[in-house]
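**Q** Sequence first, then the predicted structure:
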Number of protein chains: 2
Amino acid sequence: MADEYQNLGVSAMKADVHKAIRVLPPPAYPGAFCHLVVDPWDASQVMAMHADGSGTKANVAYIAARELGGSGWFRGLAQDSAVMNIDDLICVGAVGPYVLSNTIGRNAQVIGGDLLQEVLEGYHGFATQMAACGVEIMLAGGETADCGDTVQTIVVDSTVCTRMPAAAVIDFSRVRPGDVIVGLSSSGRATYETAENSGIGSNGFTLARHALLSSEYRKAYPETYARELDLQHVYRGTLKVGDMLPGTQLTVAEALLSPTRTYAPVVKELLRQLPDAVHGLIHNTGGGLTKCIRFGKGLRFVKRELLPLPPVQRAIREISGVGLPTMAQTFNCGHRLEIYCPAADAQAVMRVATQFGIESKVVGEVVPLRRGGEGNEVEVLLEGQTLEFGPEGLVGA
Amino acid sequence: MADEYQNLGVSAMKADVHKAIRVLPPPAYPGAFCHLVVDPWDASQVMAMHADGSGTKANVAYIAARELGGSGWFRGLAQDSAVMNIDDLICVGAVGPYVLSNTIGRNAQVIGGDLLQEVLEGYHGFATQMAACGVEIMLAGGETADCGDTVQTIVVDSTVCTRMPAAAVIDFSRVRPGDVIVGLSSSGRATYETAENSGIGSNGFTLARHALLSSEYRKAYPETYARELDLQHVYRGTLKVGDMLPGTQLTVAEALLSPTRTYAPVVKELLRQLPDAVHGLIHNTGGGLTKCIRFGKGLRFVKRELLPLPPVQRAIREISGVGLPTMAQTFNCGHRLEIYCPAADAQAVMRVATQFGIESKVVGEVVPLRRGGEGNEVEVLLEGQTLEFGPEGLVGA
């Protein structure tokens, strides 16, 4: 991939991470989207414990609170953290109950108790909202550590545990050439959401922040970026958090802090109505449109009918000239959930999304390998340009 | 408490944190040491998900690796992170199986894949070691995030999930005046340990680091402390990581990075042999000898027969003149586990500790309140000085 992301000290493809984790015991279902273990209390069940967080999106909340004043900027980070877990878990068919434990690491000198409270209220609010649509999230406490010597601002992480029958695990083994890929929009307003969602999610924020935000913030907020970075890559955009985001009714702060949408209510209903139709599910976070490449065997994923790029992602590209390959490998580019199903089931699948007010579309299909060799292939048509990816990244770069 | 810790940007008593968490639903057992929820799959069981990490101990590993070279410095952080969870869980009587998910946040510019691998090998090694003494820890994967804009070096966190029969929960409600407090040494070498343990644990490290380590590190490693700190409080000690720690055969790096001892094998055996003797268990982490003050009602904890202060904790006090109240409220001061039991059972309890090569002692007793009023009382005799604590901290300061 282009070095736009590596300049910011992030290994988006995480080659060294994938190598390092080989020292751990393998999961019970190596092909599944999440790491599953055999439930130690009941061998007919599997258990997942999934950890993730809001990442450097928290630094946008920090700048917004400092620049714009008022309260509530930190609230959505809880949903971001929870959904980065839960929407990975729905991809193996685990639709709850979920038990959530939260971890906050903060620099107590810049993050006061009022902001902690916003985050914790955010967890409570999100759990309440999900309960109303039949998705149970039990809050099981957590840990707040004052560790300003390590954390410059705040880390909002959580771990979600769930159990499910081993027989019901979706592990992508049924995905085959001929299946279509239904994409569910990352933006708009779902029936269970209280405001319009910008579609940004909660990954790619190191790139998003530095690409969009004004260089004024370099000097004002050194605590929001790594001291090792070459300053030319830091906050190289033009927008301030209070500016309106072009093409939207949202400020930049509102657009960037839009809480990550969960698709859990949709997938729960989908698996109830159409249990056999769902061959595979992919949550497009880090890796973006190429996230699928690690799942299934001998498959070529062709995505040429994408939903429009949400305005916030379009702005990232336009303001800092982020290349199309990096966009495709970093952001959801319009849909954050992919449902792999037989072509004959696509209409029924999309009807379930519509039921929840979420736009959906057949964005692509699964075909036999074209180039052959080891690993899957991904083809993407983005802004009129065809991009080809293999397991090592962009092909022919 | 003294402001020695607040100068370092840490709220050891966490008043603002305790206030903030009131927005979350209360636990099923408000008096228990860990947050327990009713198991959503089986109402006769309770479930705990517990999150914690190695904290700023990781910054000692970072400095040691940079100053001394070689490998392996990061390995023990995994055990630190795991034990900060597991040894809280044993205090409710939850002795496994445990399912562990790990979260690493790193600045990829200073923490390479080799160091990640050390951490992950550490989890694997610790789980293997525990399996050999009958404590089951399943490793359920994890998440590594590159977030150098938030994390200056590395955060090594984990979350541990376990289930147990509701009827077996130890929630401190049986602790009463007349009980004695058996302390289990934090140092020495247990039968299941491969090296001498310095007794340091994995809390209080912001204070320990700055009190012990040489001011040379101020300039050399700005990425290991918060930029907001007043420099006079940063690395105000005299020792370098390669120096020998007075009174030990260990270097400062070895003493500070000594992996946190787990008492899980001991407590598992204790609950098997003497299930009725154990009225309460306290894991002395943040809060130190006053950790117990939040548990039970109308109790006065008198601890006048402590084990000797381990050399590493003595050095913290001597080199930087850390006050006795701060020592008592921050470090374990000799024992990291307290077992509350009838006086008649103390010998039998201590025999179990001996079985595992761990020194133990009746360090104190539970008596009726003396001062009266709201909340419990703690009296500590430390280095010939009697200290009195209430729920708000040191009394008569």
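**A** Looks like it arrived, so ask away.
**Q** roughly how far is the helix or strand where residue A:124 lies from the heart of the chain?
**A** Here residue A:124 sits within helix A:113-131, counting by DSSP states H and E. From the chain centre to the centre of helix A:113-131 is a distance of 19 Å (Cα atoms, centre = their mean, to the nearest Å).
**Q** One more: stretch A:14-30?
**A** In terms of Cα atoms, centre = their mean, the centre of stretch A:14-30 is set 20 Å apart from its chain centre.
**Q** buried sites along that stretch?
**A** Using 16 or more other Cβ atoms under 10 Å in any protein chain shown as the burial criterion, the residues of stretch A:14-30 that qualify are A:14, A:16-17, A:20-21, A:23-24, A:27-29. From N, CA and C alone the C-beta is placed, and that goes for glycine too.
**Q** Closest to residue A:322 out of those?
**A** Lowest distance from residue A:322 to the buried residues of stretch A:14-30 (Cβ to Cβ) belongs to residue A:14, with 19.1 Å.
**Q** Pull the contacting residues for that closest one.
**A** A:286, B:144, B:146 (Cβ atoms under 8 Å, 6 or more residues apart in numbering or on different chains).
**Q** Residue ranges in the stretch 251-397 of chain A under the pLDDT threshold?
**A** The stretch 251-397 of chain A contains residues with pLDDT under 70 at A:397.
**Q** What residue in it comes nearest to chain B?
**A** residue A:286 (8.9 Å; Cβ to the nearest Cβ).
**Q** ok, and what's touching the helix holding residue A:124?
**A** Outside helix A:113-131, the residues that reach it (Cβ under 8 Å, 6+ apart) are A:65, A:71-79, A:82, A:100, A:102, A:104, A:106, A:136-139, A:144, A:154, A:156, A:158, A:192, A:194, A:259, A:262, A:264-265, B:15-17, B:19-21, B:23-25.
**Q** one more time with 7 Å
**A** For helix A:113-131, the surrounding residues in contact (Cβ atoms under 7 Å, 6 or more residues apart in numbering or on different chains) are A:71-72, A:74-79, A:82, A:102, A:104, A:137, A:139, A:144, A:156, A:192, A:264, B:16-17, B:19-21, B:23-24.
**Q** Which members of those residues are classed as buried?
**A** Looks like the contacts of helix A:113-131 have A:74-79, A:82, A:102, A:104, A:137, A:139, A:144, A:156, A:192, A:264, B:16-17, B:20-21, B:23-24 buried, using 16+ other Cβ under 10 Å.
**Q** So which of these belong to helices?
**A** With helices taken from DSSP state H, the overlap with the buried ones among the contacts of helix A:113-131 comprises A:76-79, A:82, A:264, B:16-17, B:20.
**Q** isn't the residue of the stretch 251-397 of chain A closest to chain B right up against residue A:205?
**A** No: taking contacts as Cβ atoms under 7 Å, residue A:286 lies outside contact range of residue A:205: 10.4 Å.
**Q** Run through the residues that contact residue A:77.
**A** Contacts of residue A:77 by Cβ under 7 Å, 6+ apart are A:54, A:57-58, A:61, A:119, A:122, A:156.
**Q** For those residues, which entry has the maximal number of neighbours?
**A** residue A:54 (34 neighbours; other Cβ atoms under 10 Å in any protein chain shown).
**Q** so what's that residue scoring on pLDDT?
**A** The model reports residue A:54 with a pLDDT of 95.
**Q** how many neighbours does the nearest residue to residue A:369 once chain neighbours are set aside have?
**A** Computed as Cβ to Cβ, 6 or more residues apart in numbering or on different chains, the closest residue to residue A:369 that is not its neighbour in sequence is residue A:300, at 5.1 Å. For residue A:300, the count of nearby residues is 19 (other Cβ under 10 Å).
**Q** so where's the stretch 1-150 of chain A uncertain?
**A** Those would be A:1-2, A:11-13, if you go by pLDDT under 70 across the stretch 1-150 of chain A.
**Q** check contacts around residue A:267.
**A** With contact taken as Cβ under 7 Å, 6+ apart, residue A:267 is in contact with A:90, A:95, A:281.
**Q** For the nearest residue to residue A:102 once chain neighbours are set aside, pull up the helix or strand it's in.
**A** With Cβ to Cβ, 6+ apart as the criterion, residue A:102 has its nearest non-adjacent residue at 3.6 Å, and that residue is residue A:142. In the assignment (DSSP H and E), residue A:142 maps to strand A:137-146.
**Q** how far is that strand from where the chain is centred?
**A** Distance, centroid of strand A:137-146 to centroid of chain: 21 Å (Cα atoms, centre = their mean).
**Q** and that strand with helix A:113-131, angle?
**A** Orientation note: strand A:137-146 sits at an angle of 160 degrees relative to helix A:113-131 (axes from the mean of the first three to the mean of the last three Cα atoms, to 10 degrees).
**Q** So which other helices or strands are in contact with strand A:137-146?
**A** strand A:98-106, helix A:113-131, strand B:45-53 (3 or more Cβ pairs under 7 Å, 6 or more residues apart in numbering or on different chains; DSSP states H and E).
**Q** All good on my end, thank you.
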